[in-house]
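**Q** coordinates only, sequence not included:
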């Protein structure tokens, strides 16, 4: 049961990370200026 829980937790964390990456990509694509895109990229690099 421990292995199953570990596998499920790992999959859940991976899905959350991919979701965050997609949100950041969307934010970068819709950034109104190059400066704001740079700020978004800098914030993403810190996580």
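**A** Arrived safely, thanks for sending. Everything quoted here is computed from the prediction, not taken from an experiment. Numbers count the residues shown, from 1 in each chain.

**Q** Just want the most central residue of the protein.
**A** Residue closest to the mean C-alpha point of the chain, counted by C-alpha atoms, centre = their mean, is residue 20 at 2.3 Å.

**Q** how close does that residue get to residue 13?
**A** According to C-beta to C-beta, to the nearest Å, residue 20 and residue 13 sit 11 Å apart. All C-beta spots, glycine's among them, are computed from the backbone N, C-alpha and C.

**Q** Next secondary structure element downstream of the one helix or strand residue 14 maps to?
**A** Per DSSP states H and E, residue 14 falls inside helix 2-29. Note on helix 2-29: by DSSP H and E, the next helix or strand toward the C-terminus is helix 34-46.

**Q** in stretch 24-39, what counts as buried?
**A** Neighbour-count burial for stretch 24-39 flags residue 24 (criterion: 16 or more other C-beta atoms under 10 Å).

**Q** Could you tell me the end-to-end distance of that stretch?
**A** Counting by C-alpha to C-alpha, to the nearest Å, you get 11 Å between the two ends of stretch 24-39.

**Q** And it, how far out from the chain middle?
**A** On the basis of C-alpha atoms, centre = their mean, to the nearest Å, stretch 24-39 sits 14 Å off its chain's mean C-alpha point.

**Q** can you list contacts of that stretch?
**A** 40, 41, 44 (C-beta atoms under 8 Å, 6 or more residues apart in numbering).

**Q** repeat for stretch 40-47
**A** 20, 24, 27, 28, 31.

**Q** 6 Å instead, please
**A** 24, 27, 28, 31 (C-beta atoms under 6 Å, 6 or more residues apart in numbering).

**Q** quick one: the first one from residue 9, how far?
**A** Taken as C-beta to C-beta, the spacing of residue 24 relative to residue 9 amounts to 23 Å.

**Q** same question, the last one
**A** When distances are taken as C-beta to C-beta, residue 31 and residue 9 turn out to be 33 Å apart.
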